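J.: Structure for the following, please:
(2 chains)
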There are 2 protein chains.
Amino acid sequence: MKDYLDKDPWKIVENSLHTDYNEVSESIASLGNGRLGGRGNFEERFNGPSLQGNYIAGVYYPDKTKVGWWKNGYPEYFAKVINSVNWIGMDVWIDGEDFELFPDQIKEFRAELDMKEGILRRTTVAELPNGKQIKIESERFYSMVDKDNAYLKYSLTPLNFSGEVCIAPYLDFNVINRDSNYEEGFWKRNDEGIDQRWGYVYSQTKKTAYHVLAGMKINTMLNGQSIALDYDAVKQNSFVEYQPKLKLNEGETFTIEKYCCICSSLYHEVSTLSESCQSQLEQSFEEGFEKAKIKHINKWDSIWNDCDISINGDVSAQQGIRFNIFQLYQTYNGDDARLNIGPKGFTGEKYGGVTYWDTEAYCLPFYLSTTDQSVAKNLLIYRYRHLQKAIENATKLGFSHGAALYPMVTMNGEECHNEWEITFEEIHRNGAIAYAIYDYIRYTGDNEHLKDYGLEVLIAISRFWRQRVNWSEPKQKFVILGVTGPNEYENNVNNNWYTNYIACWCMQYTMEAIAYVEQSHPEAYKNLCEKLDFNAKYESTRWQEIIDSMYLPSDKERAVFLQQDGFLDKNLMPAKNIPADEYPIHQNWSWDRILRSCFIKQADVLQGLYFFEDHFDKETIKRNFNFYEPLTVHESSLSPCVHAILAAKIGNYPKAYEMYLRTARLDLDDYNNDTKDGLHITSMAGTWMSVIKGFGGMRIINDTLSFDPFIPENWSSYSFKIKFRSHTLKLIVSHEGVNILNLSDEKIEILLKGQKQSIFPKEVQTIS
Amino acid sequence: MKDYLDKDPWKIVENSLHTDYNEVSESIASLGNGRLGGRGNFEERFNGPSLQGNYIAGVYYPDKTKVGWWKNGYPEYFAKVINSVNWIGMDVWIDGEDFELFPDQIKEFRAELDMKEGILRRTTVAELPNGKQIKIESERFYSMVDKDNAYLKYSLTPLNFSGEVCIAPYLDFNVINRDSNYEEGFWKRNDEGIDQRWGYVYSQTKKTAYHVLAGMKINTMLNGQSIALDYDAVKQNSFVEYQPKLKLNEGETFTIEKYCCICSSLYHEVSTLSESCQSQLEQSFEEGFEKAKIKHINKWDSIWNDCDISINGDVSAQQGIRFNIFQLYQTYNGDDARLNIGPKGFTGEKYGGVTYWDTEAYCLPFYLSTTDQSVAKNLLIYRYRHLQKAIENATKLGFSHGAALYPMVTMNGEECHNEWEITFEEIHRNGAIAYAIYDYIRYTGDNEHLKDYGLEVLIAISRFWRQRVNWSEPKQKFVILGVTGPNEYENNVNNNWYTNYIACWCMQYTMEAIAYVEQSHPEAYKNLCEKLDFNAKYESTRWQEIIDSMYLPSDKERAVFLQQDGFLDKNLMPAKNIPADEYPIHQNWSWDRILRSCFIKQADVLQGLYFFEDHFDKETIKRNFNFYEPLTVHESSLSPCVHAILAAKIGNYPKAYEMYLRTARLDLDDYNNDTKDGLHITSMAGTWMSVIKGFGGMRIINDTLSFDPFIPENWSSYSFKIKFRSHTLKLIVSHEGVNILNLSDEKIEILLKGQKQSIFPKEVQTIS
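T.: Below is the predicted model:
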């Protein structure tokens, strides 16, 4: 737990440099526009802990797998999010001497991430060993409008001397990944060049051959006015730099506006990369820094207008939720079905890959409710496009006949992960992918999705489950052996309740989907059956047999579902017995001890009760919650949100609020002591869910939007907007009641605390 | 399965070069003398598949661990057996042209490993592209008498031309390990030098700083007579070479005798390494090649005299068993308690480390019965010396109060292995280490070992078990969760019967050992209790509670013990259903499929029945054997021997013989398609056990040697010697009966097929 950042509803402010936490601060101050992004590194050379990171969505490198003991079925490579061109860099010389920022030279410091505007600003006053004092101010952003463009303004003022200052903006493609498995570079230099018009560096990834060309233009200014200067333009391998100098009097300010454009072959023909880059640069240069900034701020304005959650009376909670929404929209905008939501977004290297089941289980609902339906659909189409790879993946493990096992971690559909207990056994991920189809259709009513994409995925997943179960003679039931459930603190268990349950549900839903497509689109259905060599009668019969006789472990005495066959053999004790200094246990205990303990990393049985809430009565949910929650250490960032939602559901509001706090400020407070590696992007959607589904009690019940709101005691009110099909609603929840505003043109029928309500357009309806 | 080597009772002969199998042949032709050893590489440069390997016992390198996903508790390094100085190398020039042996130039080829003499010989006739034919003959050995010394004789004869031939013997310390985790070299060059008296290369291992200095002297001969030649002596980094040339007429033979001495800091002061090496070289040079060879052969003669198993009527079986005995004595002589028996000995790099539970479970009985008692004792003292490291290892995992977990793989007592399911979970190894103490004392009667060494180890192991069990509420029994049994095709199972059983046995035996030491050595006992902070009453009570209430899974219906809690949930089918082309399954199936299958890698429940045979009646053993053997794929080299012994026990002689064949020629026939990586040294002791304990039915029953022999149908007779305490017996088993010869001076009472027999000295007793 750290608490060194100022509380502010719209800003994250670090008011003095916390050198030891600098990598945490860099993660938190990350910027991005869905296409480009990077960590909050300083522009000038910095003599302190720092993880350099600038990333490009979709540009990855298949790093050769590192594994102690190879198991058949492991992937050959691990797709890495890769550190790309450093575009923010500024060399500084003062009176001919290299300037490097040393923490102990800093006299004043303020870094501010402005979430409303999507801008990172910093002011630093430093005193050099020779007594000279300088002030540095910087401001930068990735344009949310022109997505190849990034902007930086960097100013230097001598405070107690006059002298010659050189501020030298550079582009540097000599970058490495700290997490490279074999200390290998991932980039191959193509070219670089610089003249008075522009400078560029041009590289391509090894193996995957993504071409990336980054260009820059600069504007030099004295005291806020452009000033024409003659200066050197220097180039080395994969490095170009302008070196403008200016003699400054004490108090005068030398400013560089740095216009950058980073073009990749994902969006541009390789043959026109240079041309595209140069012409975009010309345009942005002509437009100017301030205009570009206004466009960018306006875009953020409209995003906030749709998806802000406003909390009154609790600035800490307010800051937390906005930080999460801000980072989510920086990471993924949903305009490109080739992209997905990496667990670290543009904020670090850790985990690699970009797609985990997090996307389906946690992120989808956020995008469904806050933006256009096409964004959620793109997330589903992403998986549809990976179906053949998922079938290959299952085939590699010994499955056949079109069975698909979606990867645990992926970039292009191929599995990247290489821990047998995860890669081969954490198969419940297949269930989340099926569930996302259901969730999307339930929310949008877009049944046609089944015909075009969904059913094909569902059949492949159900085929997997059918082959993955086996008949147990002693139990006279179907069992699923050797799995890892969502709780990764148990591995290779038998009959994980969640996995067994979702497997049955997948097969059930597939049969429903078949019935729908067969009836409403008989021709399309026939074609699909042929394409998939699908014998509905035979396969459905097998699925039904399994559903009818699946083993679902439970404890009769406690009337709870059992996480796995042997769960009660463990030494059960509440997590609150763990001494505080042993948290997080995954950093302090041996893996042996963790595995054998009863402690649960994240919702497991409860994840199932969250997904399938309407299959169970409230008492059942309550009993299971009260049994499992005390055993849970919440060491996955995905854990607290599910607990918050369920706690709210069963009326345990203090617990719901406690869980919300844990997820909302996870990174801002560095709760799990790992923010330095990057932010927990996907879990940020979970925070949003905690508010909307937890506090707001939002559900879709039979095509109807439903709310069951409560408000934490120490909040005075909170409000949020929801997009639902053609409607947009705004809810304001206070201790007095709920105000509902229908922002669309048509009346909408909703459920509020179980009661039907008609909400008329442009009217505020108050329900106390 | 390969079958390309000639069958011969004393030799392994490859009569034509099998290029594709060359790495297999190199493994099989490995030589060693317990201190030095190496693979059967060719002396000259060879253009074909080859794994260069020369090794020095006890000289290891801690290679930085390679692991995909770090788990707390993993070791930082993996100790590697390291490839050391290449002392066999010979460069050859013919009429000034480099000679390199190309497989397709070979006209005649014969390689012969003479097991009786411990010598590797090769004859090769090659035709060069220019039509010149040459004959190469070589012969080499590591002296079993002077253990730093290695000898090589290398001859070349032009068969159809006259010309100048240079045979250039070299020492080369520019060697690498193929299995280096990060392609790092393990050696640091110190020095090299060469003059007419001797040449040497001198290096030390990085980190561990073992110093190794290898020297050579040579004798040049024409047609078998020494001839004085002037020649160049060349040196480069870590490389020295003599380059003697001779003009030969067609049919004349140029021979080099190469005397090498490889001195390590394990046996010599670093400051005198060079001196020791040079003086040993002078001595061996003076003695001469032929005399050294005779001494070496005589030593082998005496070894064979003690430990040979002779089989009449089955040359294939005869060759197999001798090969195994030969390799065991090449690997480990038992004169140094710092050394142990690596699973690959001096025959390859694979696995690293040298000490596995193989030593205790499989090798100890071989050395107990075939050589001096001090050898087996040294193996126990080796573990005693590692006790503190084993306690540290357990502490790292969260255990306390002097609990010890011996490592899965080690060099110096520290754990090297890094697979959580093995490192943390294959804890039954602790049981084997306790069992070895019991086994040694049972065999030798050396009860004093308990006081001096054994009890301290036993207490630490029992303390581990006590902390490792937990109470299961539903079962109302103690359970052991999350283990891997001997069958490594199941991981992280609960209540592995073997582990639970041996855990109880350890605690029981510890209490018996305490009672013995307390009574017979009260002072020593008191001191030990103080040293270990041991409260006998308290700790023994806890042990007894666990023994009394341990859960031991079984199936009532089949009346068999269960490998683990969920074993019967699996889809049970006999291993013979697996298609032949899918064997070995560990090379052909995904790990996922293997883990979930019912197929057993090696004896698991049956390992327990083998160790504790006298705890169970024959019917119980039979039922369990008949249940588990059909499910067993024997993909560990340690599997068939246990099955052979138990099959013999229950009177299933055909199965015993089938299992014996599988183990006896495992490497000669490359049964598991992995001999190229090195030989399965430790399992070779299992082969010996198959004959002595299986066919011979040898047991120790209440301090009495017991036999219950049978003879496979197609053998005419077999014979072996057994050392037991002060006695040496020879048994000759034929279809007519058993001849027993007491080679010692005193009468011995033995049991033969359960009947007491007195065997008088120097007499042959015939029992039909």
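
J.: How many neighbouring residues does the closest residue to residue A:481 other than its chain neighbours have?
T.: Using Cβ to Cβ, 6 or more residues apart in numbering or on different chains and skipping residues adjacent in sequence, the residue nearest residue A:481 is residue A:494, 4.9 Å away. From N, CA and C alone the C-beta is placed, and that goes for glycine too. Close neighbours of residue A:494, defined as other Cβ atoms under 10 Å in any protein chain shown, add up to 24.

J.: try residue A:749
T.: Using other Cβ under 10 Å, residue A:749 has 11 other residues around it.

J.: how about it, secondary structure?
T.: strand (DSSP: H, G, I helix; E, B strand; the rest coil).

J.: from memory it sits against residue A:756, does it?
T.: Yes - applying Cβ atoms under 8 Å, one finds residue A:749 in contact with residue A:756, separated by 6.1 Å.

J.: can you point me to the longest helix in chain A?
T.: Looking across chain A with DSSP state H, the single longest helix is helix A:497-520.

J.: right, and the helix or strand after that one?
T.: Following helix A:497-520 in sequence order, the next helix or strand is helix A:522-532 (DSSP states H and E).

J.: Just give me how far that next one sits from the chain centre.
T.: 36 Å (Cα atoms, centre = their mean, to the nearest Å).

J.: Name the next helix or strand downstream of it, please.
T.: Going down the chain from helix A:522-532, the next helix or strand is helix A:536-548, by DSSP H and E.

J.: how about that following helix: buried residues?
T.: A:539, A:540, A:542, A:543, A:546, A:547 (16 or more other Cβ atoms under 10 Å in any protein chain shown).

J.: ok, residue A:534 - contacts?
T.: Residues near residue A:534 by Cβ atoms under 8 Å, 6 or more residues apart in numbering or on different chains: A:459, A:528.

J.: Please apply the same query to residue A:109.
T.: A:14, A:15, A:16, A:17, A:122, A:123, A:124, A:125.

J.: Repeat that for residue A:155.
T.: Contacts were defined as Cβ under 8 Å, 6+ apart; by that measure residue A:155 touches A:135, A:136, A:137, A:138, A:253, A:254, A:255, A:256.

J.: which among these end up buried?
T.: So, by 16+ other Cβ under 10 Å, the buried ones in the contacts of residue A:155 are A:135, A:136, A:137, A:138, A:253, A:254, A:255, A:256.

J.: Could you report the separation of the fifth one from residue B:612?
T.: Per Cβ to Cβ, to the nearest Å, residue A:253 is found 86 Å from residue B:612.

J.: go on, the fourth one?
T.: Residue A:138 sits at a distance of 74 Å from residue B:612 (criterion: Cβ to Cβ).

J.: Please give the number of neighbouring residues around the residue in the stretch 351-500 of chain A that chain B sits nearest to.
T.: The minimum distance from the stretch 351-500 of chain A to chain B, using Cβ to the nearest Cβ, falls at residue A:424 (3.7 Å). Neighbourhood size, residue A:424 [other Cβ under 10 Å]: 28.

J.: right, and it touches residue B:594 too?
T.: No - using Cβ under 8 Å, residue A:424 is not in contact with residue B:594; the gap is 10.1 Å.

J.: Check what pLDDT the closest residue to residue A:553 other than its chain neighbours gets.
T.: Distances taken as Cβ to Cβ, 6+ apart put residue A:562 closest to residue A:553, at 3.8 Å, once the chain neighbours are dropped. For residue A:562, the model assigns a pLDDT of 98.

J.: hang on, the earlier thing: quick one: contacts for the residue of the stretch 351-500 of chain A closest to chain B?
T.: Taking Cβ under 8 Å, 6+ apart as the criterion, residue A:424 is in contact with A:71, A:73, A:397, A:482, B:590, B:591, B:592, B:595.

J.: Among those residues, which one has the most neighbours?
T.: In the contacts of residue A:424, the most neighbours by other Cβ under 10 Å go to residue A:482, 27 neighbours.

J.: what's the closest of the buried residues of helix A:536-548 to chain B?
T.: Ranked by distance to chain B (Cβ to the nearest Cβ), the buried residues of helix A:536-548 are led by residue A:546 at 14.3 Å.

J.: Verify the stated contact: that closest one with residue A:469.
T.: Yes - here residue A:546 lies in contact with residue A:469, judged by Cβ under 8 Å, at a distance of 5.6 Å.

J.: Give me the common contacts of these two.
T.: Joint contacts of residue A:546 and residue A:469 (Cβ under 8 Å, 6+ apart) are A:478, A:503.

J.: What residues of the worst-scoring helix or strand of chain A on mean pLDDT count as buried?
T.: Taking mean pLDDT, DSSP states H and E as the measure, chain A has strand A:764-767 as its least confident helix or strand, at a mean of 84. For strand A:764-767, burial by neighbour count (16+ other Cβ under 10 Å) applies to residue A:765.

J.: repeat for stretch A:571-589
T.: A:575, A:578, A:583, A:584, A:585, A:586, A:589.

J.: Please tell me I have it right and the first one contacts residue A:635.
T.: No - in this structure residue A:575 lies outside contact range of residue A:635 using Cβ under 8 Å: 9.9 Å.

J.: who in the stretch 251-400 of chain A is up against chain B?
T.: Within the stretch 251-400 of chain A, the positions near chain B by Cβ under 8 Å from any Cβ of the partner chain are A:396, A:397, A:398.

J.: Once you drop chain neighbours, what's closest to the first one?
T.: For residue A:396, the nearest residue in space outside its immediate sequence neighbours is residue A:73; the separation is 5.7 Å by Cβ to Cβ, 6+ apart.

J.: which residues touch that neighbour?
T.: Counting by Cβ under 8 Å, 6+ apart, residue A:73 touches A:396, A:397, A:420, A:423, A:424, B:590, B:591, B:592.

J.: could I get those residues as CSV with secondary structure?
T.: Output for the contacts of residue A:73, formatted as CSV (three-state DSSP):
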residue, secondary structure
A:396, helix
A:397, helix
A:420, helix
A:423, helix
A:424, coil
B:590, coil
B:591, helix
B:592, helix
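
J.: Specify which member of these is nearest to residue A:764.
T.: residue A:423 (52.1 Å; Cβ to Cβ).

J.: which non-adjacent residue is nearest that closest one?
T.: Spatial nearest neighbour of residue A:423, chain neighbours left out: residue A:417 (4.7 Å); criterion: Cβ to Cβ, 6+ apart.

J.: Residue A:75 is in contact with that neighbour, correct?
T.: Yes - using Cβ under 8 Å, residue A:417 is in contact with residue A:75, at 7.3 Å.

J.: Overlap in contacts, those two.
T.: Here residue A:417 and residue A:75 have residue A:423 as joint contacts, going by Cβ under 8 Å, 6+ apart.

J.: Counting neighbours, what do you get for the residue nearest to residue A:759 when sequence neighbours are not counted?
T.: Nearest residue to residue A:759, sequence neighbours excluded (Cβ to Cβ, 6+ apart): residue A:742, at 4.4 Å. For residue A:742, the neighbour count with other Cβ under 10 Å is 21.

J.: Let me know the pLDDT of residue A:742.
T.: Note for residue A:742: predicted pLDDT of 95.

J.: With residue A:64 instead?
T.: 89.

J.: Hmm, it is touching residue A:181, no?
T.: Yes - using Cβ under 8 Å, residue A:64 is in contact with residue A:181, at 6.0 Å.

J.: out of these two, which sits in the more crowded spot?
T.: Counted by other Cβ under 10 Å, residue A:64 and residue A:181 do not tie: residue A:181 has more neighbours, with 18 against 13.
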